[in-house]
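Peer 1: Here is a sequence together with a model predicted from it:
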Amino acid sequence: ADEMLSGCQIHRFLVLHKELDADDGELTRTRKVRRRVIQDKFRDLIDALYGGKSEIFTKTEVTYEDGSTGSISATLRIDDAVVVSDQESAA
C-alpha cells in the first residue's frame, strides 16, 4: 500500500435513501454525477459524516418521471468502514 494514499481510504459511509437521478439534477443525461448539486443538496449528510454522527434524519425533494414533485424522508445510519493500515496490508 502507498503510504501517501493511505489517508484517501473511506472511513465512514451511508447508503442514500434515493437513487441519484437526472430528473432531480443530480446526474447529467449521460449519468455523470453533478458534484456541486450533490454537495449543495446533501450538505446535511456530508456534515453528519464528518461530524461523527451515527444517524441523521433527512428529507429530500424529488421530481417524478411525469413531472410531479414530492419528498422522500428517512433516517439514515452512518457506518464506520474498516481502515487498513500500511502494516496490515503488507502482512
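Peer 2: That came through fine.
Peer 1: Below-threshold pLDDT in this structure: ranges please.
Peer 2: 1-2, 86-91 (pLDDT under 70).
Peer 1: Can you identify each of the helices in it by residue range?
Peer 2: Residue ranges of the helices in the chain, as given by DSSP state H, are 35-41, 43-51, 86-90.
Peer 1: And the strands in the chain, which stretches?
Peer 2: With DSSP state E, the ranges of strands along the chain come out as 12-13, 55-63, 69-77, 79-80.
Peer 1: ok and the third one relative to helix 43-51, angle-wise?
Peer 2: Taking axes from the mean of the first three to the mean of the last three Cα atoms, to 10 degrees, strand 69-77 and helix 43-51 form an angle of 10 degrees between their directions.
Peer 1: same check, this time on the second one
Peer 2: With the same axes, to 10 degrees as the basis, strand 55-63 and helix 43-51 are set at 160 degrees to each other.
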